[in-house]
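**Student:** Quick check, what structure comes out for this input:
(chains A and B)
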Amino acid sequence: MSSDDLFAAEEQVIAAAQALIDEGRFAVPQDAKLYEKLLKDYQKLSRASRRLMRLSDRNEEQLNALTKEQRQANEVIAQKNKALDALATKLSKYLSPQIYHSIFTGAQNVEITSSRKKLTIFFSDVVNFTETTDKMESEDLTNLLNRYLTEMTNIALEHGATIDKYIGDAIMVFFGDPESRGVKEDARACVRMAVAMLKRLGELHAEWLELGAEQPFHLRIGINTGYVTVGNFGSDDRMDYTIIGSSVNATARLEFHAETDGILIGHETYALVKDEVNTEEQEPIKVKGFAEPLRCYKVLGLYEDLVGEGSVIREDQDGFKLLLDLKKRDRAEAIEALQAIVDRLKQ
Amino acid sequence: MRDSLNIEPTSRTPAVVFDFANNHLKIAGESYPEDVTEFYRPVFDALDAYLGAVGQGSFRFYFELIYLNSSSAKAVMMLMDKLEAAAKDGASVDVYWFYDKEDDTMQELGEEFGEDLESATFHLEKMAG
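**Tutor:** You can find the predicted model right below:
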């Protein structure tokens, strides 16, 4: 229906009124004038109604078009977001979860920047990996290595580590960046993680032998705490979020000197974890870049585990600390020493 | 009478630039105010005061509207009536209606407004750009 059809009735009224004027049907000229004005206003009102109606229809049409456009744009955005999510998920596997999270939440910029921080660094290496796996088929080796790295990575992430990199069978992680629970807790978490890794490795030995490894994997682990420069290093096109500094080199040396299935920690780490970790000081090791040989300590275990095993008796209360390592101290001697203390208390 | 009335545009209301000193009055932008009466009242008041004093003088009124809702269209019709009345009373009034070259509706609306004006001179023009 056209606009003319819609206003046909009004047009008829106008035509009839105009006919009255044209026919001179008004006896009093003033009445005719008044009627003429009334008709003119009515015509104007009729035109205004048509305009408003057309404008309203046009605006509604535009609104509908915009809504449709917006809906289509939303669909495109949703599709793009989905593709971006899938891509981000793939990319995330190449990054440490903490780094991925800090980049994707905008907490960290992807640019060449660095800062100096005190971190606890961890290095591990499979002893004689090449010899152990030399006779294996490539596919078996890939499965074995990936299974090993997956297991170790899971443990690292459970303990809050930032995975720096995998270098073949070697793993490098650190604690204290981008998230830190404090230098002490970071160091403790790192040692707890190392102990958990060795424990899990023992459980996996049987499985690996079945897969074809001629002898089980054995690890060497080095842990050290110190100031390092942490950040993005590389070019604008390709960069790594990593750490550099003499403490990193020292950690690698500690790992090199660790016993098979052993954890060797530096002095600063020792100072931070000694309340929780039973250690034994080793011969200092020489490290390039350090004037003095580095003091280092072999990790014997976590006190909480050793207490459970019964090899250590430990009491730690405010104003009263007792640590008795039954592997280092003869039981009778310990009783004698404790008796002497009790005697002194009774005096 | 004051020299000018300037109302800054918002996302829902047009810019109002009444330069009374130079006899150039303009409304430009989009018009769909939440309360059309509240927005246009000061515009009408300022225009009434100006028209009351303009006498036989001459002035130009520019409409450069991109979008307007029905209530604003009614307000524009009322403005047109005031301009026509001033012209009828002897003022020389030029009304310019600028429309977007791709907006047929605004062009048609302008044409119709022009048809209603008998005493004021109407100009229908495309917006630049």
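
**Student:** Can you verify my assumption that A:S102 contacts A:D177?
**Tutor:** No - A:S102 lies out of contact with A:D177 (Cβ atoms under 8 Å); the separation is 9.5 Å. For every residue, glycine as well, the C-beta is placed using N, CA and C.

**Student:** Low-confidence stretches in chain A?
**Tutor:** A:1-4, A:106-113, A:132, A:211-215 (pLDDT under 70).

**Student:** Run through the residues of it sitting next to chain B.
**Tutor:** Residues of chain A found near chain B (Cβ under 8 Å from any Cβ of the partner chain) are A:K44, A:R47, A:A48, A:R51, A:L52, A:R54, A:L55, A:S56, A:R58, A:N59.

**Student:** Where do the strands of the stretch 1-150 of chain A begin and end?
**Tutor:** A:114-126 (DSSP state E, counting those that start in this stretch).

**Student:** Which stretches in chain B count as strands?
**Tutor:** B:4-7, B:15-19, B:24-31, B:58-68, B:92-99, B:121-126 (DSSP state E).

**Student:** which helices and strands sit right next to the first one?
**Tutor:** Translated: strand B:4-7. Judged by 3 or more Cβ pairs under 8 Å, 6 or more residues apart in numbering or on different chains; DSSP states H and E, strand B:4-7 is in contact with strand B:15-19, helix B:36-54.

**Student:** With the fourth one instead?
**Tutor:** The elements that strand B:58-68 packs onto, with contact taken as 3+ Cβ pairs under 8 Å, 6+ apart, are strand B:24-31, helix B:70-88, strand B:92-99, helix B:104-116.

**Student:** Export the ones you listed as TSV, with columns for distance to chain A and mean pLDDT.
**Tutor:** Formatted as TSV, those follow (distance: least, Cβ to the nearest Cβ, whole Å; pLDDT from 0 to 100):
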stretch	distance to chain A	mean pLDDT
strand B:24-31	11	96
helix B:70-88	5	93
strand B:92-99	13	97
helix B:104-116	4	90
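
**Student:** Make CSV out of those and add distance to A:V299.
**Tutor:** Listed next are the helices and strands packed on strand B:58-68 as CSV, based on distance: least, Cβ to Cβ, whole Å:
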stretch, distance to A:V299
strand B:24-31, 73
helix B:70-88, 80
strand B:92-99, 83
helix B:104-116, 82
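
**Student:** Double-check B:A15 against B:E8; I have them as touching.
**Tutor:** Yes - look at B:A15 against B:E8 with Cβ under 8 Å: they come within range, at 6.5 Å.

**Student:** Give me the more crowded residue out of those two.
**Tutor:** Shown here are B:A15 and B:E8; by other Cβ atoms under 10 Å in any protein chain shown, B:A15 has more neighbours (15 against 10).

**Student:** Any buried residues in stretch A:304-322, and which?
**Tutor:** Within stretch A:304-322, the residues scored as buried using 16 or more other Cβ atoms under 10 Å in any protein chain shown are A:D305, A:L306, A:V307, A:S311, A:V312.

**Student:** Restricted to strands, list those.
**Tutor:** Reading strands off these with DSSP E, I get A:V312.

**Student:** which one of the buried residues of stretch A:304-322 sits closest to B:L124?
**Tutor:** B:L124 has its nearest neighbour among the buried residues of stretch A:304-322 in A:D305, at 91.3 Å by Cβ to Cβ.

**Student:** Find the nearest non-adjacent residue to that closest one, please.
**Tutor:** Distances taken as Cβ to Cβ, 6 or more residues apart in numbering or on different chains place A:V195 nearest to A:D305, at 7.4 Å, with adjacent residues excluded.

**Student:** Tell me who's in contact with the residue sitting nearest the centre point of chain A.
**Tutor:** The centroid of chain A falls nearest to A:Q98 when counting by Cα atoms, centre = their mean (2.7 Å). Contact partners of A:Q98, counting by Cβ atoms under 8 Å, 6 or more residues apart in numbering or on different chains, are A:T162, A:P178, A:E179.

**Student:** what are the bridge partners for the residue sitting nearest the centre point of chain B, then?
**Tutor:** In chain B, the residue lying closest to the centroid (Cα atoms, centre = their mean) is B:F63, at 4.8 Å. As for beta bridges, B:F63 partners with B:I27, B:W97 under DSSP bridges.

**Student:** next one: the one 5 residues further on
**Tutor:** For B:L68, the residues forming beta bridges with it (DSSP bridges) are B:S31.

**Student:** can I assume it is in contact with A:L52?
**Tutor:** No - counting by Cβ under 8 Å, B:L68 stays clear of A:L52, with 10.5 Å between them.

**Student:** okay, the two: which has more neighbours?
**Tutor:** Neighbour count, other Cβ under 10 Å: between B:L68 and A:L52, B:L68 has more, with 24 against 17.

**Student:** Rebuild the buried residues of stretch A:304-322 as CSV, extending it with distance to B:A46.
**Tutor:** As requested, the buried residues of stretch A:304-322 are exported to CSV (distance: Cβ to Cβ, whole Å):
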residue, distance to B:A46
A:D305, 87
A:L306, 90
A:V307, 89
A:S311, 95
A:V312, 92
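
**Student:** so what does the helix or strand hosting A:Y297 touch, helix or strand wise?
**Tutor:** Assigned by DSSP states H and E, A:Y297 belongs to strand A:294-302. Here strand A:294-302 is seen to pack against helix A:183-211, helix A:246-257, strand A:262-266, helix A:267-273, strand A:277-285 when contacts are counted using 3+ Cβ pairs under 8 Å, 6+ apart.

**Student:** deepest of the ones you listed, which one?
**Tutor:** strand A:262-266 (a mean of 27; mean count of other Cβ atoms under 10 Å in any protein chain shown).

**Student:** thinking again about what came up before, tell me which of the helices and strands packed on strand B:4-7 is the most buried.
**Tutor:** Of all the helices and strands packed on strand B:4-7, strand B:15-19 has the most neighbours on average by mean count of other Cβ under 10 Å, namely a mean of 18.

**Student:** part of a helix, is A:P216?
**Tutor:** No - A:P216 is assigned coil when assessed by DSSP: H, G, I helix; E, B strand; the rest coil, not a helix.

**Student:** if I pick the residue in chain A that chain B sits nearest to, what's in contact with it?
**Tutor:** Going by Cβ to the nearest Cβ, chain B is nearest to A:R58 of chain A, at 4.3 Å. By Cβ under 8 Å, 6+ apart, the contact list for A:R58 reads B:T105.

**Student:** Please name the bridge partners of B:S92.
**Tutor:** Beta bridges link B:S92 to B:S58, judged by DSSP bridges.

**Student:** Verify the contact between it and B:G57 for me.
**Tutor:** Yes - if you go by Cβ under 8 Å, B:S92 and B:G57 touch, sitting 7.2 Å apart.

**Student:** ok, the closest residue to B:E64 other than its chain neighbours - contacts?
**Tutor:** Nearest non-adjacent residue to B:E64, counting by Cβ to Cβ, 6+ apart: B:A28, 3.7 Å away. The neighbourhood of B:A28, defined by Cβ under 8 Å, 6+ apart, consists of B:P9, B:P14, B:A15, B:V17, B:Y62, B:F63, B:E64, B:L65.
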